[in-house]
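K.L.:
Build me a structure from this.
(chains A and B)
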Amino acid sequence: ELKVEQNPLFLSMQEGKNYTIYCNYSTTSDRLYWYRQDPGKSLESLFVLLSNGAVKQEGRLMASLDTKARLSTLHITAAVHDLSATYFCAALTSGTYKYIFGTGTRLKVLA
Amino acid sequence: DTEVTQTPKHLVMGMTNKKSLKCEQHMGHRAMYWYKQKAKKPPELMFVYSYEKLSINESVPSRFSPECPNSSLLNLHLHALQPEDSALYLCASSQDSSGIGTQYFGPGTRLLVL
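P.N.:
Numbers count the residues shown, from 1 in each chain, chains lettered A, B, ... in the order given. Next up, the predicted model:
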């Protein structure tokens, strides 16, 4: 059974600091996704990671995937207040088409 | 245009009512999805339509009935819902259901069942 865990669940950080959110999944996964959700809003797709060693960057966010360790990371560089949101990872196993979201990480960037 | 639209934005219904949620996209995407999200929880996949055919049903109760009348439109028919079905219902679309492409989400319908 595919399980996806994120940590930390909550993250409060100062502007200008760096931090990493971790996403572990329990079985072989074909794809790994990162989403952002602002309070009361819908989801915004951030990254789609398709293979081992994949790294994608957009602005202050960088995501990577290590399929051997079953681990994806979302690294935040020099955080700014606008990055405050909940971040979800999600894993897809195409064999049985299971698409499971992680628990989410609520990020608050303090000015 | 990368927009997915959903109507209505809010819906309040009684347990004996029948209502429908509507989702539309004009990006030429061939996969469309329904998700349910309870407050402070991650989204849960309910249904996947691929090329207008239901390809995934995640053991959703029959009081939820999806329909894909054409490649741009996805409906979710609701009947005899329970208060625990109150949630944010999100629609999404992607190029296809292979998982390679980005999913684009609509703004959601916030449903309250009394």
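K.L.:
going forward, measure contacts between C-alpha atoms and count neighbours the same way
P.N.:
Fine.
K.L.:
okay, now whichever residue of chain B sits closest to chain A: neighbour count?
P.N.:
Chain A sits closest to B:Pro107 of chain B, with a gap of 5.0 Å, by Cα to the nearest Cα. The tally of other residues near B:Pro107 (other Cα atoms under 10 Å in any protein chain shown) stands at 23.
K.L.:
Tell me where chain A is predicted with low confidence.
P.N.:
Within chain A, the stretches with pLDDT under 70 are A:94.
K.L.:
and it, which residues reach chain B?
P.N.:
Residues of chain A that fall close to chain B, judged by Cα under 8 Å from any Cα of the partner chain: A:31, A:41-45, A:47-48, A:50, A:88, A:92, A:94, A:97, A:99-104.
K.L.:
hang on, the earlier thing: who's in contact with the residue of chain B closest to chain A?
P.N.:
Neighbouring residues of B:Pro107 by Cα atoms under 8 Å, 6 or more residues apart in numbering or on different chains: A:Lys41, A:Ser42, A:Leu43, B:Val4, B:Thr5, B:Gln6, B:Lys9, B:Leu90, B:Cys91.
K.L.:
Likewise for B:Arg63?
P.N.:
Residues near B:Arg63 by Cα under 8 Å, 6+ apart: B:His77, B:Leu78, B:His79, B:Ala80, B:Leu81.
K.L.:
do that again at 10 Å, thanks
P.N.:
Residues near B:Arg63 by Cα atoms under 10 Å, 6 or more residues apart in numbering or on different chains: B:Lys18, B:Leu76, B:His77, B:Leu78, B:His79, B:Ala80, B:Leu81, B:Gln82.
K.L.:
Narrow those to just the buried residues.
P.N.:
B:Leu76, B:His77, B:Leu78, B:His79, B:Ala80, B:Leu81 (16 or more other Cα atoms under 10 Å in any protein chain shown).
K.L.:
Can you point out the buried residues in the host helix or strand of B:Ser65?
P.N.:
According to DSSP states H and E, B:Ser65 maps onto strand B:64-70. Under the neighbour-count criterion of 16+ other Cα under 10 Å, strand B:64-70 has B:Phe64, B:Pro66, B:Cys68 buried.
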